[in-house]
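In: Have a look at this prediction, sequence included:
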Amino acid sequence: MTAPTTDRAAVPAPQAHAAPDAAAATLTLAGALNLGLRHALEDDPAVLLLGEDIGTLGGVFRVTDGLQRDFGADRVMDTPLAEAGIVGVAVGLCYRGYRPVVEIQFDGFVYPAFDQLVAQVAKLRYRTRGKVAMPITVRIPYGGGIGAVEHHSESPEAYFTHTSGLRVVTCSHPQDAYTLLRQSIACDDPVIFLEPKRRYWTKAPVDPTLDAAPPMEAAAVVVEGTDVTLVTYGPLVATARDAAVAAADDGVSVEVIDLRSLSPMDLAAVEESVRRTGRLVITHEAQQHGGLGAEIAASITERCFEHLEAPPVRVTGFDVPYPPAKLEEHFLPGLDRILDGVDRVLGRPHSLTGWEG
């Protein structure tokens with residue numbers, strides 16, 4: 001394989017592409033990811049895709065469908081079933097000037113590559129004082145809600161946000177899937193790119209021009225509100241929006257913030273909201289203990305203590321191994337549990353006490 005001649009010291013920003021026609025503008029989240037990968041491959045000969053069954057099959061979720069046909073097996077490569085090997089090869093490719101995009105087939109399969117990611121990928125740029133970039137994007141379908149078997153529905157984000165040197169981002173809708181993926185591939189830092197698998201079939205318009213794309217580190221206010229700040233990310237953004245609508249019917253104004261970037265985290269956006277609302281609810285699918293909800297609650301308490309009208313509330317998965325598919329709906333935070341969290345910060349009767357306080 002011949003190394004690319006592109007100067008990796010000055011990587012251009014993702015190129016804007018002409019907007020598709022009206023019929024093609026509405027894409028699923030999986031389709032938006034496919035489009036983002038296609039445009040990255042077109043724009044930069046240093047971009048390569050590696051993963052299990054991503055070529056001939058097009059990936060188990062068909063995110064890479066058609067890419068090997070159009071770009072060849074030298075750029076869209078099927079690999080052995082060996083996650084540590086896949087990431088190790090990606091590290092070597094970075095040394096040769098490439099920008100590998102790695103697919104981990106399911107969230108629970110990332111652990112064999114954990115040593116490579118936290119001991120090598122996260123540290124090599126720092127260890128070499130910036131002489132060696134690690135522009136690896138690691139795509140990981142994550143979360144529950146699809147009725148999968150063991151090791152196929154997990155939320156490993158806290159492991160990676162705790163690792164300095166890794167960026168961690170997650171999309172919640174098709175436009176962000178396209179935009180964040182393009183930005184991640186163009187970034188010289190390694191990026192853990194988390195894809196909420198139960199949202200792969202969500203459809204929405206996608207603008208590939210990137211004209212108004214926010215920075216990849218920026219959170220987004222998806223519903224404005226004045227009474228409670230509800231912070232979430234990835235698969236639960238849609239549920240949080242539904243909770244805001246339901247709360248409005250009860251006279252409560254809920255502001256919903258989609259973090260988008262989990263590391264670094266846009267705490268300034270959360271702080272600004274909490275200073276107005278005085279109340280904070282955080283929800284995520286991952287277990288509560290040691291989760292991102294704890295970090296957000298602690299950080300906002302430090303920053304906004306005088307503004308808080310109630311202690312922050314976390315609505316999360318339970319501290320047990322991910323259950324069988326038939327019990328998923330009890331494990332995953334849903335509309336009722338999130339609204340119960342809203343009642344808690346408002347001092348209303350709720351599930352833990354049944355009385356105000």
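Out: Received, thanks. Residues are numbered from 1 along each chain as shown.

In: in the stretch 201-350 of the chain, what spans have low per-residue confidence?
Out: For the stretch 201-350 of the chain, no stretch is flagged by pLDDT under 70.

In: Show me what the longest strand along the chain is packed up against.
Out: Ranked by residue count under DSSP state E, the longest strand found in the chain is strand 280-287. Using 3 or more Cβ pairs under 8 Å, 6 or more residues apart in numbering; DSSP states H and E, the elements in contact with strand 280-287 are helix 157-161, strand 228-232, helix 292-304, strand 313-317, helix 335-345. Backbone N, C-alpha and C define where each C-beta goes, glycine included.

In: what's the following helix or strand after the fourth one?
Out: Yep, that's strand 313-317 we're talking about. For strand 313-317, the following helix or strand on the C-terminal side (DSSP states H and E) is helix 328-331.

In: Would you mind extracting the C-alpha trace of that following helix into PDB?
Out: The C-alpha coordinates for helix 328-331 follow below in PDB (Å, rounded to 0.1, in the frame of the first residue of the first chain):
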ATOM      1  CA  GLU A 328     -35.100  -3.900  28.300                       C
ATOM      2  CA  GLU A 329     -38.000  -1.600  28.700                       C
ATOM      3  CA  HIS A 330     -37.600  -1.800  32.500                       C
ATOM      4  CA  PHE A 331     -33.900  -1.100  32.300                       C
END
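
In: and it, which residues are buried?
Out: Within helix 328-331, the residues scored as buried using 16 or more other Cβ atoms under 10 Å are Glu328, Phe331.

In: Next, report how far that helix is displaced from the centre of its chain.
Out: On the basis of Cα atoms, centre = their mean, to the nearest Å, helix 328-331 sits 21 Å off its chain's mean C-alpha point.

In: same deal with stretch 333-352?
Out: That offset, for stretch 333-352, works out to 25 Å (Cα atoms, centre = their mean).

In: Flag every buried residue along it.
Out: 333-334, 337-346, 350.

In: Please apply the same query to stretch 269-286.
Out: Quick answer for stretch 269-286 (16+ other Cβ under 10 Å): 269-271, 273-274, 277-286.

In: now the longest strand of the chain and helix 292-304, what's the angle there?
Out: Put simply, strand 280-287 runs at 160 degrees to helix 292-304, going by axes from the mean of the first three to the mean of the last three Cα atoms, to 10 degrees.

In: chain center to strand 280-287: distance?
Out: Worked out by Cα atoms, centre = their mean, strand 280-287 lies 14 Å from the chain centre.

In: can I get the CA coordinates of it in CSV?
Out: C-alpha atoms of strand 280-287 as CSV (Å, rounded to 0.1, in the frame of the first residue of the first chain):
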residue,chain,number,x,y,z
LEU,A,280,-31.2,20.0,36.7
VAL,A,281,-32.1,16.4,35.5
ILE,A,282,-29.6,14.2,33.7
THR,A,283,-30.6,11.1,31.9
HIS,A,284,-28.6,8.4,30.1
GLU,A,285,-28.9,4.7,29.3
ALA,A,286,-25.7,3.7,31.1
GLN,A,287,-25.7,2.5,34.7
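
In: how big is the angle separating it from strand 228-232?
Out: Going by the same axes, to 10 degrees, strand 280-287 makes 20 degrees with strand 228-232.

In: Please, where are all the strands along this structure?
Out: 26-28, 47-51, 76-78, 99-103, 137-142, 167-170, 191-196, 203-205, 220-223, 228-232, 254-258, 261-263, 280-287, 313-317.

In: Compute the number of surrounding residues for the residue lying closest to Arg314 once chain neighbours are set aside.
Out: Excluding the flanking residues, the one nearest Arg314 by Cβ to Cβ, 6 or more residues apart in numbering is Gly293, at 3.9 Å. By the criterion of other Cβ atoms under 10 Å, Gly293 has 25 neighbours.

In: ok, Gly293 touching Glu285?
Out: No: with contacts defined as Cβ atoms under 8 Å, Gly293 does not count as touching Glu285, sitting 10.6 Å away.

In: what do those two both touch?
Out: Common neighbours of Gly293 and Glu285, using Cβ atoms under 8 Å, 6 or more residues apart in numbering, are Thr316.

In: re earlier: so of the buried residues of stretch 333-352, which two are at opposite extremes in space?
Out: Within these, two members stand farthest from each other by Cβ to Cβ: Gly334 and Leu346, at 19.0 Å.

In: Kindly reformat the helices and strands packed on strand 280-287 as JSON lines containing distance to Ala113.
Out: JSON lines is the format used below for the helices and strands packed on strand 280-287 (distance: least, Cβ to Cβ, whole Å):
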{"stretch": "helix 157-161", "distance to Ala113": "11"}
{"stretch": "strand 228-232", "distance to Ala113": "27"}
{"stretch": "helix 292-304", "distance to Ala113": "21"}
{"stretch": "strand 313-317", "distance to Ala113": "23"}
{"stretch": "helix 335-345", "distance to Ala113": "32"}
